[in-house]
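Peer 1: Sequence first, then the predicted structure, then my questions.
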Amino acid sequence: MEQLVRSEGATPRTIGIVDGNVVIGLSQEQIEFFATASGIMKAATSEIPVACALGADAATTVSATIRLASDAGISVMCTGGIGGVHRDVPWDVSQDIFELSRTTVLVVCSGVKSILNMGKTIEFLETFGVTVIGYRTDRFPAFYSRKSPYSVAYTVNTPKEAAMVLVEKKKRRLFGSVLLLNPIPEGDEIPFPQVQHYVEIASKEAVESGVSGKALTPYLLKRLNELSEGMTLRANVSLLKNNAALAGQVAKELQNAY
């Protein structure tokens, strides 16, 4: 992902917390450590001070990452999918929604994670004033799938158009992020009904096993990979690379805009 950002003329800065210190631009060794070590803390915005105070190693969720990126003067953040409203768990809503409502950055993603209640998540995004635009699509992408049953009201066709939406939002001092929805490449997608079948099985198992809170998302993603025999992991890697390239293009346009 970092190589793809560089290839588009932008500079990647992978974010994490190492030994209680916020790092804006992890080294290759630090990234490998996060990928292989056990006991890594999962930190949303509210856990940033806990991780720092306790000297912990923490991987940052979307909420924490956009907060730290914004504080460091970074205007574009790239991820796979944002968190939102969970299925079958009353009032389990990700901090991503709240942080997206108050931090003005552009987030490139492939929609919300397929394990979530998409309809309710989309409603929350609208209620909290997050600007949602599709990149060359009028359908809300469903992470592993290019299209979901939900539409997107506004579409941009170039990285420059996407960058200008953020420029205008900042110029008018409007709080909240711009969510740029970038569908997974066509050759790597998994059909929406197939993914939903896996999600229904995994969600039912999670309820029966009493899995909830921060453990829920990792559990569900792991089960989806098992149920799909590795297809979801391959799709995840593809969409991450695709999003990184687009994020680099948008970041380059923002440089030119200023």
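Peer 2: Received, thanks.

Peer 1: Could you list every helix and strand in contact with the longest helix belonging to the chain?
Peer 2: The longest helix of the chain (DSSP state H) is helix 231-257. Applying 3 or more C-beta pairs under 8 Å, 6 or more residues apart in numbering; DSSP states H and E, we find helix 231-257 packed against helix 2-7, strand 76-78, strand 106-109, helix 159-171, helix 216-227. For the C-beta atoms, the positions are set from N, CA and C on the backbone; glycine is no exception.

Peer 1: between the ones you listed, which one is nearest to residue 210?
Peer 2: For residue 210, the closest of the helices and strands packed on helix 231-257 is helix 216-227, at 10.3 Å, according to C-beta to C-beta.

Peer 1: Summarise which helices and strands the closest one is packed against.
Peer 2: In terms of contacts (3+ C-beta pairs under 8 Å, 6+ apart), helix 216-227 is packed against helix 192-209, helix 231-257.

Peer 1: Just name the most buried of those helices.
Peer 2: Each of the helices and strands packed on helix 216-227 was assessed for mean neighbour count using mean count of other C-beta atoms under 10 Å. The highest is helix 231-257, with a mean of 20.

Peer 1: So residue 56: helix, strand or coil?
Peer 2: Assigned with DSSP: H, G, I helix; E, B strand; the rest coil, residue 56 falls in the coil class.

Peer 1: quick one: it from residue 28, how far?
Peer 2: Going from residue 56 to residue 28 by C-beta to C-beta, to the nearest Å gives 21 Å.

Peer 1: Show me which of these two is the more surrounded one.
Peer 2: Using other C-beta atoms under 10 Å as the criterion, residue 56 and residue 28 rank with residue 56 on top: 17 against 9.

Peer 1: contacting residues for the more buried one?
Peer 2: By C-beta atoms under 8 Å, 6 or more residues apart in numbering, residue 56 lies in contact with 17, 19, 20, 41, 50.

Peer 1: Just the pLDDT at it, thanks.
Peer 2: We have a pLDDT of 98 for residue 56.

Peer 1: roughly how far apart are residue 165 and residue 158?
Peer 2: For residue 165, the distance to residue 158 - C-beta to C-beta - is 11 Å.

Peer 1: Mean pLDDT and distance to residue 78 added to the helices and strands packed on helix 216-227, as CSV?
Peer 2: Below are the helices and strands packed on helix 216-227 laid out as CSV (pLDDT from 0 to 100; distance: least, C-beta to C-beta, whole Å):
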stretch, mean pLDDT, distance to residue 78
helix 192-209, 93, 22
helix 231-257, 96, 4
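
Peer 1: Residue 242 reaches residue 184, doesn't it?
Peer 2: Yes: counting by C-beta atoms under 8 Å, residue 242 touches residue 184, with 6.6 Å between them.

Peer 1: Spit out the residues that contact these two alike.
Peer 2: Common neighbours of residue 242 and residue 184 (criterion: C-beta under 8 Å, 6+ apart): residue 110.

Peer 1: Am I right that residue 145 is in contact with residue 114?
Peer 2: Yes: with contact defined as C-beta under 8 Å, residue 145 reaches residue 114; the gap is 7.3 Å.

Peer 1: So between these two, which is more surrounded?
Peer 2: The neighbour count for residue 145 versus residue 114, taken as other C-beta under 10 Å, is higher for residue 114 (26 against 22).

Peer 1: give me phi/psi at the more buried one?
Peer 2: phi -60, psi -20 (degrees, to the nearest 10).

Peer 1: pretty sure it contacts residue 193?
Peer 2: No: Residue 114 lies out of contact with residue 193 (C-beta under 8 Å); the separation is 11.5 Å.

Peer 1: Compare the helices and strands packed on helix 231-257 and say which comes out lowest on pLDDT.
Peer 2: helix 216-227 (a mean of 91).
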